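**Student:** Here you go, sequence then predicted model.
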Amino acid sequence: MSALCERSGELSDVEAVHLLTLGRTPYAEKAGGIRHNALFIGANVRGAVGAGLADYTPCFLSEVPGMFRSGRMPLDAALVMVSSPRRGRVSLGVAVDVVKAAVGAAAYVVAQVNPRMPWTRGESTLPLSDFDALVERSEELCELPAGEPSAAALWIGRYVASLVDDGATLQLGIGAIPDAVLSRLGGKKDLGLHTEMFSDGALALMDSGVINNRRKTVDPGVAVTSFCLGSRRLYDAVHDDPRFAFRPTERVNDPFVIAAQDRMVAVNSALAVDLTGQVAADSLGHSFYSGVGGQVDFMRGASRSKGGRAVIALPSTAKGGAVSRISLALDPGTGVVTTRADVDFVVTEYGIAALKGRTIRERALALIQVAHPSFRDGLAA
C-alpha cells in the first residue's frame, strides 16, 4: 500500500477495501486516485469518511467472505501479508478473518512474505500456488498496547464478570472494557473462547489456566478466533500454538455456530442505548464512528445459546459526563445495529439492567437505574 500511495497521482478509480486499518492512511486523507472503503471505521479514517473522502460499507462480518466470493463486492486484486513458507505453504498469521476469502476471490493476488508474521494453526494456511506474486519484506506487525482502564471500566468489568459462570465460553472485543472484564475473571474455572478477535488480556487467562476450553460444546480444547491484535508478546504466543484455531469469519461469526455453543456469553460495546434497548454502535446522528462488525452475529448467537447471555457494556456518560449514553431516544439519523429484541443485559458502571422478556415500561425503568444519577430524573420525566 505504501508503494501505491506514492503512485496515487498516477492512478484513477482505484478502490482500497479494508476491514480495519491501523496507523496513517494517507490515501484516505485527500481526494486522489485511491479511495478508501472501510468495512469497519477506525479512528484513522473516521475524519475522511465524515468529510466524504472515504466510504463506509455496513456489513455483518459473517457475510463479508460471501460478498467477496459472490461478486457483490468484486476484488480485482488482493494484497495480503503472510508468514515465511513451510513445505510449499504459508500462513495468514494473525488475520484469517476475511483475508482467506479475498485470496480466493481476487483475480490477482500479491503476498508480502514477512518473517515476523507468526505461523498460526486452524484454517490459516494456503499453498504458494494461490498467489500470483510474492514479495519478501520483513517489518514489525502493528501493535495495539493496552491502556489503563478507568474507574468506570473497572466497575463495568466487575458487573459483567458476575454474568459469567464457570464453564462459559466468551466473546469479547478489544479496549478498556473488555480488558477490565478479563481482569475480573481470575476466579472463574474452565472458561472457553470463541471470539472474532483475541487480545493480550485473554492470553493471560489462558496462561493461568482459567481459560482452558475444556467445557466447550463446539471446538472443545481450542480457543477459536479469526484475528488477534495486541502486543508482540501476543503474536509470539500464537506462533505454532495448538491451543489456538484461527478461522474465517464465515464460521467464527456464524450465528448458528455461536448458538450451538452452550453457555455462550457475548460482550459488546455501544455508543448509546435508548430506553427500549435499541443499540447504536456504528453511528450517532448522521456521523459514522465505527462499524457493524461482529456485534449482531454474536448477540443473536449468544441470545439463542443454551444458557447463553448477550451483553451490551458501556460507560453511562460521554464527553466528560456531559452526555448520557442511556437516552430517552436515539438521536435522529442514528442507526440501530442491535435491535431491542436481541439484548439480554445492558451493563454500566452503575449496575446491570436485565431486558430479556421485559416490557417496554420495565425496560425503561431498569435502564434508568443504570444511567448516571445526574440524568435519571430527566430520563424518568
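**Tutor:** Perfect, I can see it now. As the structure is a computational prediction, the values presented were derived from the model and not from experiment.

**Student:** Okay, and residue 368 sits in which element?
**Tutor:** According to DSSP states H and E, residue 368 maps onto helix 360-370.

**Student:** same thing with residue 207?
**Tutor:** Counting by DSSP H and E, residue 207 is part of helix 200-208.

**Student:** Can you name the residues in contact with that helix?
**Tutor:** Residues from elsewhere that reach helix 200-208, judged by CB atoms under 8 Å, 6 or more residues apart in numbering: 146, 170, 172, 178-179, 182-183, 185-186, 191, 193, 195, 211-212, 223, 230-231, 233-234, 237, 243. The C-beta positions use only the backbone N, C-alpha and C, and glycine is treated the same way.

**Student:** cool, stretch 326-335 as well?
**Tutor:** Residues contacting stretch 326-335 (CB under 8 Å, 6+ apart): 58, 272-275, 278, 280, 282-286, 316, 336, 346, 348, 367-368, 370-372, 375, 378-379.

**Student:** Give me the buried subset of these.
**Tutor:** Among those, those buried by neighbour count (16 or more other CB atoms under 10 Å) are 272-275, 278, 280, 282-284, 316, 346, 348, 367-368, 370-372, 375, 379.

**Student:** Now do the buried residues in stretch 16-23.
**Tutor:** For stretch 16-23, by 16+ other CB under 10 Å, it's 16, 17, 18, 19, 20, 21.

**Student:** for stretch 232-250, same thing?
**Tutor:** 234-235, 237-239, 243-250.

**Student:** Can I get it in PDB? Just the C-alpha atoms.
**Tutor:** Written as PDB, here are the backbone C-alpha positions of stretch 232-250 (Å, rounded to 0.1, in the frame of the first residue of the first chain):
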ATOM      1  CA  ARG A 232       4.400  -8.600  20.100                       C
ATOM      2  CA  ARG A 233       4.200 -11.000  23.100                       C
ATOM      3  CA  LEU A 234       0.800 -12.000  21.900                       C
ATOM      4  CA  TYR A 235       2.000 -12.600  18.300                       C
ATOM      5  CA  ASP A 236       4.800 -14.700  19.600                       C
ATOM      6  CA  ALA A 237       2.400 -16.700  21.800                       C
ATOM      7  CA  VAL A 238       0.100 -17.700  19.000                       C
ATOM      8  CA  HIS A 239       3.000 -18.900  16.800                       C
ATOM      9  CA  ASP A 240       2.500 -22.600  16.000                       C
ATOM     10  CA  ASP A 241       0.500 -23.000  19.300                       C
ATOM     11  CA  PRO A 242      -2.100 -25.800  19.000                       C
ATOM     12  CA  ARG A 243      -4.200 -24.100  21.700                       C
ATOM     13  CA  PHE A 244      -5.500 -21.700  19.000                       C
ATOM     14  CA  ALA A 245      -7.500 -22.200  15.900                       C
ATOM     15  CA  PHE A 246      -7.700 -19.200  13.500                       C
ATOM     16  CA  ARG A 247     -10.700 -19.400  11.200                       C
ATOM     17  CA  PRO A 248     -12.600 -17.200   8.700                       C
ATOM     18  CA  THR A 249     -15.400 -15.000  10.000                       C
ATOM     19  CA  GLU A 250     -18.000 -17.000   7.900                       C
END
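
**Student:** quick one: average pLDDT of it?
**Tutor:** For stretch 232-250, mean pLDDT is 97.

**Student:** Quick one: mean pLDDT over stretch 59-70.
**Tutor:** 97.

**Student:** Residue 170 contacts residue 164, correct?
**Tutor:** Yes - in terms of CB atoms under 8 Å, residue 170 counts as a neighbour of residue 164; the distance is 6.9 Å.
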